[in-house]
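Peer 1: Everything below, folded, please.
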Amino acid sequence: MRIAIRRPFPPGGRNGIQSRGRGQPAAGGGVRTRVETTGGGGSGGGAAAPARRGDGRWTVLEVVAWIAGDLARRGVSSPRLDAELLVGHALGTSRVGLYVRHDAPLTEAERAAVREALRRRRAGEPVAYITGHREFWSVDLRVDRRVLVPRPETEVLVEEAFAALADEAAPWRVVDVGTGCGAIAAVVAKHRPAARVTALDVSAEALAVARENVTRLGLAERVDLCEAEGAAWLAARPSSFDAVLANLPYVATGEFPGLQVEVREHEPRGALDGGPDGLREIRRVVPAAAAALRPGGFLGLEIGADQGEAVVALCAAAGLVAPAVRRDYAGLCRVVTARRAS
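Peer 2: All right, here's what the predicted structure looks like:
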């Protein structure tokens, strides 16, 4: 079978994708590449952020610069971004706010908060867990250790979904399988205001986070949250949906030792582990999604970089048509799309 591989639009392109600094994924970036460890370098594992220089207190930007240097020495791939987010969180301000008060000295309480945030980051904890927030498609989401950190790569799946659900006023019926913190469900509901979205997850803890997000965003009336196993739930609802979107576990079990420390040791393994070949859940969901779609309906799946051919074959075996592989902005195969025949 010939696989269609579609190149991404340029960074900053359509549907709200914003170009990101090289460090953006480090607050919870792609899980397929080991890009950082935070235990080495510097002066051991303690978090002795600067308190004084001579007889003067450190200013906001001096502390940011010092932390950025410390994280860079420890191999963090986005030291400046991480430093700004950590200091902003400790001071209760935004990254822009740091520059507004760039020359203000830190109080002792502020220095203590900065030291605690730095201690946690040095231990490999994702920035998003420390701050409790992550932006996804310009939506601010609450996150913690109960859910995966939303990643920029998943915005490629959302972009494909919006291309398929082009009519913004249509009453689309959409399912988000493996919703986690509710990122995909919330963004679809926000940008397709007549749509009805069902968000599924097997984890009650993850659904509690998703519920907090959709409620805070004013979307609770149009996003239904359901604790259910995706394949079985879809199979029981034939020809019911215009789109099924799924970011399922796709990391092969044997790949875990090679993951980033922040992923391997901090994020929920159940949301990552896709079995021996990474396709255990995808293999179950594809035929169920094919049955649940209405004629002409759209299936979008996030995948691992080496899984495109296998997932396209699964779609074809389920009777779906026009399977295609979409690359992310790093040039890696990241999303498979297909449709039910009209």
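Peer 1: Give me the buried positions along the longest strand along the chain.
Peer 2: Counting by DSSP state E, the longest strand found in the chain is strand 293-302. For strand 293-302, the neighbour count (16 or more other Cβ atoms under 10 Å) marks Leu293, Gly297, Phe298, Leu299, Gly300, Leu301, Glu302 as buried. Where C-beta positions appear, they are placed from N, C-alpha and C, glycine not excepted.
Peer 1: what pairs with that strand, and is each one parallel or antiparallel?
Peer 2: strand 241-246 (parallel), strand 333-339 (antiparallel) (DSSP bridges).
Peer 1: circling back: and of the buried residues of strand 293-302, the nearest to Gly97?
Peer 2: Within the buried residues of strand 293-302, proximity to Gly97 (Cβ to Cβ) peaks at Glu302, which comes in at 33.5 Å.
Peer 1: Test my guess that the closest one contacts Thr154.
Peer 2: Yes - Glu302 lies in contact with Thr154 (Cβ atoms under 8 Å); the separation is 5.9 Å.
Peer 1: Find the residue at the geometric middle of the chain.
Peer 2: Pro150 (1.5 Å; Cα atoms, centre = their mean).
Peer 1: Quick check: phi and psi on it?
Peer 2: phi -60, psi 140 (degrees, to the nearest 10).
Peer 1: Contact partners for it?
Peer 2: Gly28, Arg134, Phe136, Leu141, Val143, Gly180, Cys181, Ala183 (Cβ atoms under 8 Å, 6 or more residues apart in numbering).
Peer 1: again, but for Thr59
Peer 2: His102, Asp103, Ala104, Pro105, Leu106.
Peer 1: Just the buried ones from those, in PyMOL syntax?
Peer 2: Entered in PyMOL, the line below selects the buried ones among the contacts of Thr59, by 16+ other Cβ under 10 Å:
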select buried, resi 106
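Peer 1: of the contacts of Thr59, closest to Thr93?
Peer 2: Once Cβ to Cβ is applied, the member of those that ends up nearest Thr93 is Ala104, at 10.3 Å.
Peer 1: In contact with the residue lying closest to the closest one once chain neighbours are set aside, which residues?
Peer 2: If the residues on either side of it in the chain are set aside, Ala104 comes closest to Val60, at 5.5 Å by Cβ to Cβ, 6 or more residues apart in numbering. Going by Cβ under 8 Å, 6+ apart, Val60 touches Val87, Leu91, Leu98, Arg101, His102, Asp103, Ala104, Leu106.
Peer 1: swap the cut-off to 7 Å and go again
Peer 2: Neighbouring residues of Val60 by Cβ atoms under 7 Å, 6 or more residues apart in numbering: Val87, Leu98, Arg101, His102, Ala104, Leu106.
Peer 1: just checking, the first one is part of a helix?
Peer 2: Yes - in this structure, Val87 lies within a helix as judged by DSSP: H, G, I helix; E, B strand; the rest coil.
Peer 1: Which residue comes closest to it once chain neighbours are left out?
Peer 2: Val64 (5.2 Å).
Peer 1: surely the one you found meets Leu85?
Peer 2: No - taking contacts as Cβ atoms under 7 Å, Val64 lies outside contact range of Leu85: 10.0 Å.
Peer 1: hey, where'd the helices end up in the stretch 1-150 of the chain?
Peer 2: Along the stretch 1-150 of the chain, the segments classed as helices by DSSP state H, counting those that start in this stretch run 60-73, 79-91, 95-100, 108-122, 127-131.
Peer 1: Quick one: closest of those to Gln307.
Peer 2: Comparing these by Cβ to Cβ, helix 127-131 comes nearest, at 25.2 Å.
Peer 1: And the residue nearest to Ala104, how far from Arg122?
Peer 2: Distance, Val60 to Arg122, by Cβ to Cβ, to the nearest Å: 20 Å.
Peer 1: Please give me every residue in contact with the residue nearest to Val87.
Peer 2: Ala83, Glu84, Val87, Leu98.
Peer 1: Please apply the same query to Ser203.
Peer 2: Gly270.
Peer 1: Need the phi and psi values for Arg101.
Peer 2: Dihedral angles (degrees, to the nearest 10) for Arg101: phi -110, psi 40.
Peer 1: what's the span of stretch 272-291, first residue to last?
Peer 2: By Cα to Cα, to the nearest Å, the extent of stretch 272-291 from end to end equals 25 Å.
Peer 1: quick one: contacts of that stretch?
Peer 2: For stretch 272-291, contacts defined as Cβ under 7 Å, 6+ apart pick out 31, 177, 230-231, 234-235, 238, 244, 246, 248-253, 299, 301, 304, 307, 310-311, 314-315, 318-320, 340.
Peer 1: any chance of the strands paired with strand 293-302 in CSV, with mean neighbour count too?
Peer 2: Formatted as CSV, the strands paired with strand 293-302 follow (neighbours: other Cβ atoms under 10 Å):
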stretch, mean neighbour count
strand 241-246, 26
strand 333-339, 25
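Peer 1: Mutual contacts of Glu302 and Thr154, please.
Peer 2: Residues touching both Glu302 and Thr154 (Cβ under 7 Å, 6+ apart) are Asn247.
Peer 1: looking at it, Asp130 is touching Leu118, isn't it?
Peer 2: Actually, residue 130 is Ile. It isn't Asp. No - judged on Cβ under 7 Å, Ile130 makes no contact with Leu118 at a distance of 9.3 Å.
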